[in-house]
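Peer 1: I would like to see how this sequence folds:
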Amino acid sequence: MAASGAQAWNLPPGYKFCPNDDDLIVHYLKKKILGQQLPLDIIPTTDVYASSPDKLPLDDFKWGLANEWFFFSTRSKDDDVILTENGYYATDPEGTDPVRWMNNTVGYVKTLNFYQGSPPQGTETDWMVEEFSVNPEFVPVNKDDHSTQEKIANVVVCKVSRGQTEPEWD
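Peer 2: Numbers count the residues shown, from 1 in each chain. Presented below is the predicted three-dimensional model:
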């Protein structure tokens, strides 16, 4: 499903959507959670973890760098492994890193790699997801606003990327 209004946006020639980690959280994810207008409404919404990365609607995001796509999604499960029909996402063992902006922790980024097959014998692919979540302390919300609190807990922005295969040298 494409983002509302996504087809109406045309970036000027030579421009690509390649935000920094803090930009994704401050200017896109936080505003999406609060229902505010986004700087550009070009990030589609899909369930990233419902299928393997090659089955995602990659054509819905046209404004980024080669082999890089952005989607709003629901947060991955807290499990280390998320199963799909033909593989699984596994959380990078290095864990979650803070994302800082103006000396504040505004969110977190977690890396998940995609493997074909069944855990733990799967074969690592060149697909990777960086999942960005907002720090609840960064979003002003009334304690009685359960809808916004639920969005803070569950809505993320994912950067899906496919690495280039390194040539094998003889």
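
Peer 1: in the protein, which spans are strands?
Peer 2: Taking DSSP state E to define them, one finds strands in the chain at 68-74, 81-84, 87-101, 104-116, 123-134, 155-162.

Peer 1: Turn the ones you listed into a markdown table, columns for mean pLDDT.
Peer 2: A markdown table is the format used below for the strands of the chain (pLDDT from 0 to 100):
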| stretch | mean pLDDT |
| --- | --- |
| strand 68-74 | 96 |
| strand 81-84 | 92 |
| strand 87-101 | 92 |
| strand 104-116 | 96 |
| strand 123-134 | 96 |
| strand 155-162 | 97 |
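
Peer 1: Which one, of those, ends up nearest to Ile33?
Peer 2: Among those, strand 155-162 comes nearest to Ile33, with 5.6 Å by CB to CB. Yep, even glycine has a C-beta here, placed from its N, CA and C like the rest.

Peer 1: Identify all contacting residues around that closest one.
Peer 2: Residues from elsewhere that reach strand 155-162, judged by CB atoms under 8 Å, 6 or more residues apart in numbering: 24-25, 28-29, 32-33, 43, 48, 53, 56, 58, 67-76, 126-133.

Peer 1: Show me which of these are buried.
Peer 2: 24-25, 28-29, 32-33, 43, 48, 53, 56, 58, 69-74, 76, 127-133 (16 or more other CB atoms under 10 Å).

Peer 1: and Thr148, how many neighbours does it have?
Peer 2: By the criterion of other CB atoms under 10 Å, Thr148 has 17 neighbours.

Peer 1: I figured it hits Leu34, correct?
Peer 2: Yes: using CB atoms under 8 Å as the test, Thr148 is close enough to Leu34 to be in contact (6.9 Å).

Peer 1: hey, what's in contact with both of those two?
Peer 2: With CB under 8 Å, 6+ apart, Thr148 and Leu34 have common neighbours Val139.

Peer 1: elements contacting the helix ranked longest in the chain?
Peer 2: In the chain, with assignment by DSSP state H, the single longest helix is helix 146-154. Here helix 146-154 touches helix 30-34, going by 3 or more CB pairs under 8 Å, 6 or more residues apart in numbering; DSSP states H and E.

Peer 1: and the helix it packs on, what's its mean pLDDT?
Peer 2: Averaged across helix 30-34, pLDDT comes to 96.

Peer 1: which residues are contacting it?
Peer 2: Contact partners of helix 30-34, identified using CB under 8 Å, 6+ apart, comprise 36-38, 43, 72, 106, 134, 138-139, 148, 151-152, 155, 157.
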